[in-house]
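Q: only the shape, not the letters, is given here:
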């Protein structure tokens with residue numbers, strides 16, 4: 001076991017340290033979510049092009065696919081406190097550079113793409129480290145409760161990010177929004193020292209780590225893949241997650257553009273925030289009553305609920321229905337995520353969770369670029385012609401106010417229907433039940 005990272009498990013007060021860590025990193029995640037929301041709104045408002053919007057989303061999704069398997073093994077070798085320090089420092093630097101560039105020059109679509117790509121690269125490294133650190137800080141008997149707390153923090157981020165992002169951008173402009181990356185990640189840096197997370201400062205130690213990484217590259221690189229494939233229930237769970245994420249990624253990509261075609265930016269922020277409220281309420285419910293047993297039942301039920309939220313949102317032409325759809329979509333996430341996370345955390349060895357979670361992120365993220373890329377031809381070549389035909393022959397049956405909104409909305413109708421049918425098929429075949437732990 002990696003000794004520096006194993007030191008976390010020996011620390012006293014692990015539960016309180018886990019909660020403090022979640023709060024500090026929650027503020028950092030909030031700043032990233034604010035910037036991503038503001039930049040996405042700025043790009044779509046500036047260009048009016050869904051293709052441009054989707055292209056930037058695709059660019060930001062690629063690092064998780066190609067970089068995750070490479071960084072996983074080295075994450076387990078380097079003390080996690082040091083990795084968090086490095087990620088936080090890079091984001092502070094990126095925020096300062098983006099804010100200065102926006103003030104001195106004019107913020108551009110290319111600048112937005114570079115910023116999103118930088119944040120995506122850092123998040124690809126940061127995400128598995130945060131998960132592994134929370135696992136190490138959580139006492140074995142409190143894994144489910146700490147995981148529920150983790151979901152609640154993520155819910156708070158989802159609630160506050162669009163509201164604060166829209167408010168700050170509307171009042172002060174895009175340069176101030178990107179500059180807000182600095183302070184929370186300075187707090188993340190301070191948290192590493194306050195919580196005494198393992199870290200090294202010796203250059204010789206780092207050189208030795210990378211030498212070891214290169215010498216054992218292939219077995220370390222393939223460990224996460226082999227570990228997952230060797231466990232039948234985990235491998236099937238990963239396939240299921242990929243399928244669900246495929247539909248959810250198309251929805252998330254189209255959610256903001258569809259809302260902007262119907263409402264102004266302030267109302268869009270309210271809609272997205274309502275999704276965060278749903279996540280908070282769902283997290284509270286899971287925290288109070290615990291996850292449904294067996295976990296696979298919670299996964300099936302939650303997945304069906306998520307798909308129902310997509311369906312409600314897809315045919316909306318009012319702020320109330322869009323808000324309800326976003327709420328339902330996010331409400332069932334804690335039910336699914338908690339069950340999935342508990343299954344992974346209880347089976348994955350602590351000293352290898354960086355490698356395992358990185359491979360998991362690579363698999364689950366691999367379909368995101370495909371989903372984003374396919375959303376354009378699906379909407380243009382499949383949903384568009386159907387919408388045009390229906391509008392020509394039955395104009396009064398269309399729930400959307402214009403053809404562009406109808407094209408995006410009907411695309412989401414197709415996504416919801418396909419995803420729901422797949423979930424039913426998985427359930428009937430007992431796809432997740434085989435060898436699944438209680």
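A: Great, that's in hand. Just so you know, these numbers come straight off a predicted model, no measurement behind them.

Q: in the helix or strand encompassing residue 146, which residues are buried?
A: Element membership of residue 146 [criterion: DSSP states H and E] is helix 143-172. If you call a residue buried by 16 or more other Cβ atoms under 10 Å, then helix 143-172 has these buried ones: 143-166, 168-169. Placement of C-beta: from N, CA and C, glycine included.

Q: next one: stretch 96-113
A: Under 16+ other Cβ under 10 Å, the buried positions of stretch 96-113 are 98-99, 101-102, 107, 109, 111-113.

Q: tell me the helix or strand right after the helix or strand bottoming out on mean pLDDT in the chain.
A: When each helix and strand of the chain is scored by mean pLDDT, DSSP states H and E, helix 3-6 comes last, with a mean of 50. Once the chain leaves helix 3-6, the next helix or strand it forms, by DSSP H and E, is helix 14-47.

Q: quick one: average pLDDT of that following helix?
A: For helix 14-47, mean pLDDT rounds to 87.

Q: likewise for stretch 257-270?
A: Stretch 257-270 shows a mean pLDDT of 84.

Q: chain center to the helix or strand hosting residue 337: distance?
A: Per DSSP H and E: residue 337 is located in helix 333-347. Distance of helix 333-347 from the chain centroid (Cα atoms, centre = their mean, to the nearest Å) equals 15 Å.

Q: quick one, that helix and helix 143-172 angle?
A: Interaxial angle, helix 333-347 versus helix 143-172 (axes from the mean of the first three to the mean of the last three Cα atoms, to 10 degrees): 130 degrees.

Q: counting contacts, what elements does the helix holding residue 146 pack onto?
A: Using 3 or more Cβ pairs under 8 Å, 6 or more residues apart in numbering; DSSP states H and E, the elements in contact with helix 143-172 are helix 14-47, helix 109-137, helix 174-179, helix 265-289, helix 333-347.

Q: dump the ones you listed to JSON lines, plus distance to residue 300.
A: Listed next are the helices and strands packed on helix 143-172 as JSON lines, based on distance: least, Cβ to Cβ, whole Å:
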{"stretch": "helix 14-47", "distance to residue 300": "28"}
{"stretch": "helix 109-137", "distance to residue 300": "23"}
{"stretch": "helix 174-179", "distance to residue 300": "39"}
{"stretch": "helix 265-289", "distance to residue 300": "16"}
{"stretch": "helix 333-347", "distance to residue 300": "9"}
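
Q: quick one: closest of those to residue 191.
A: Shortest distance between residue 191 and these, using Cβ to Cβ, is found for helix 14-47: 4.0 Å.

Q: got the angle for the closest one vs helix 143-172?
A: Using the same axes, to 10 degrees, the interaxial angle of helix 14-47 with respect to helix 143-172 works out to 40 degrees.

Q: between helix 14-47 and helix 265-289, how big is the angle?
A: Put simply, helix 14-47 runs at 160 degrees to helix 265-289, going by the same axes, to 10 degrees.

Q: chain center to helix 14-47, what's the gap?
A: 11 Å.

Q: so for it, what gets flagged as buried?
A: Within helix 14-47, the residues scored as buried using 16+ other Cβ under 10 Å are 14, 17-19, 21-22, 24-44.

Q: could you say what helices and strands it packs with?
A: If contacts are counted by 3+ Cβ pairs under 8 Å, 6+ apart, helix 14-47 sits against helix 50-66, helix 80-104, helix 109-137, helix 143-172, helix 174-179, helix 182-194, helix 232-262, helix 265-289.

Q: these: which one's closest to residue 310?
A: Closest approach to residue 310 among these (Cβ to Cβ): helix 232-262, 4.9 Å.

Q: which parts of the closest one are buried?
A: 233-234, 236-238, 240-262.

Q: any regions of the stretch 201-350 of the chain where pLDDT drops low?
A: Within the stretch 201-350 of the chain, the segments meeting pLDDT under 70 span 201-203, 290-292.

Q: nope, the stretch 51-200 of the chain is what I meant
A: By pLDDT under 70, the weakly predicted segments of the stretch 51-200 of the chain are 200.

Q: change it to 90
A: For the stretch 51-200 of the chain, the stretches flagged by pLDDT under 90 are 51-83, 95, 97-114, 116-117, 120-183, 192-200.

Q: which residues touch stretch 97-112?
A: The contact list for stretch 97-112 (Cβ atoms under 8 Å, 6 or more residues apart in numbering) reads 39, 42-43, 46-47, 52, 56, 115, 173-176, 178-179, 181.

Q: so who does residue 416 touch?
A: 247, 307-308, 310-311, 314.

Q: what about it, helix or strand, and which?
A: Using DSSP H and E, residue 416 maps to helix 403-428.

Q: what is the neighbour count of the closest residue in space to residue 359 that isn't next to it in sequence?
A: Spatially, and ignoring its direct neighbours in sequence, residue 359 is nearest to residue 224 (3.3 Å; Cβ to Cβ, 6 or more residues apart in numbering). Neighbour count for residue 224, taken as other Cβ atoms under 10 Å: 28.
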